[in-house]
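S.K.: Let me see the structure of the following:
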Amino acid sequence: MTLSRLKVGVDVPWVTSWTDEPHLGVAPCESVGGQMAIMQAQRPGHGRPLYSRNHLVRQRWSVARMLCPMCGEPTAEGDRWSQTGKRTSAGALRARGLDAALPRDLKDAQVMLDAGAIAPLHRACAERSLSQCPHLSAMADKELKAFPAAWIAAPLWVEARPQAALPGLAPDAMPVIGFLQIFGVTSDLDKRWRKAARRPPA
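M.R.: Coordinates of the predicted model:
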């Protein structure tokens, strides 16, 4: 495939998969501390962008290292924003089977920001994405939500089954990590950020 004229991190989000980035099977991955995860070739900018599909490895790094999904650069505390995060509670997350990912002393009533598999963006990147992405601009909720200073990452497990049985080994499925999910833990500081977000820029 040829190199696209579209620029990664500007025209196409850094976390987006491209057609020249096939899945490579399962292997230990540094993005999840060496645990078994689905791997994918790294050739951003080659072929066509697959806007509806996040690159597996880049997505995991975006959460593990708090990298902006749009530009791929680190985000700093105070400049982390979620376009698609939904406010929920720790109890609701536990009811969805995420109890193992949450600290035991976290009360069920604790307000959380469920960002799913989308790490927070820089404010400038979030605003650019909102103005350029048809999917985001069509959403009813366009509020940019300040991402909390405290957050929890949880693996999204999938079952991987070998294509063919190896001699002496049963072809059993094994749990591996696909994406990382991220949940912000709200505080009074986050409320101040939300008020700041509503103020018009100077």
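S.K.: got the CA positions of the helix or strand that Val158 is a member of in PDB?
M.R.: Assigned by DSSP states H and E, Val158 belongs to strand 150-160. Once side chains and other backbone atoms are set aside, the C-alpha atoms of strand 150-160 remain, and they are given as PDB (Å, rounded to 0.1, in the frame of the first residue of the first chain):
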ATOM      1  CA  ALA A 150      -7.900  10.000  39.400                       C
ATOM      2  CA  TRP A 151      -8.700   7.200  37.000                       C
ATOM      3  CA  ILE A 152      -8.800   3.400  36.700                       C
ATOM      4  CA  ALA A 153      -7.900   1.300  33.600                       C
ATOM      5  CA  ALA A 154      -9.400  -2.100  33.100                       C
ATOM      6  CA  PRO A 155      -8.600  -4.700  30.400                       C
ATOM      7  CA  LEU A 156     -11.300  -5.800  28.000                       C
ATOM      8  CA  TRP A 157     -10.800  -9.600  27.800                       C
ATOM      9  CA  VAL A 158     -11.600 -11.700  24.700                       C
ATOM     10  CA  GLU A 159     -11.200 -15.300  23.900                       C
ATOM     11  CA  ALA A 160      -8.500 -16.300  21.500                       C
END
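S.K.: mind listing what that strand pairs with, with the direction of each?
M.R.: strand 174-185 (antiparallel) (DSSP bridges).
S.K.: and the strand it pairs with, how far out from the chain's middle?
M.R.: When distances are taken as C-alpha atoms, centre = their mean, to the nearest Å, strand 174-185 is centred 9 Å away from the chain's centroid.
S.K.: State the mean pLDDT of that strand.
M.R.: Strand 174-185 comes out with an average pLDDT of 95.
S.K.: Of all the residues in that strand, which ones are buried?
M.R.: Neighbour-count burial for strand 174-185, with 16 or more other C-beta atoms under 10 Å as criterion, is recorded at 176-185. Every residue, glycine included, has its C-beta placed from N, CA and C.
S.K.: cool, and stretch 124-139?
M.R.: So for stretch 124-139, counting by 16+ other C-beta under 10 Å, buried means 125-126, 129-130.
S.K.: Name the secondary structure element that contains Ser131.
M.R.: Secondary-structure element containing Ser131, defined by DSSP H and E: helix 123-132.
S.K.: got the CA coordinates for that helix in CSV?
M.R.: Below are the C-alpha coordinates for helix 123-132, written out as CSV (Å, rounded to 0.1, in the frame of the first residue of the first chain):
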residue,chain,number,x,y,z
ARG,A,123,-8.8,20.3,24.8
ALA,A,124,-7.6,21.6,21.4
CYS,A,125,-7.6,18.1,19.9
ALA,A,126,-11.1,17.4,21.3
GLU,A,127,-12.5,20.6,19.8
ARG,A,128,-10.9,19.8,16.4
SER,A,129,-12.3,16.3,16.5
LEU,A,130,-15.8,17.6,17.3
SER,A,131,-15.7,20.0,14.4
GLN,A,132,-14.3,17.5,11.9
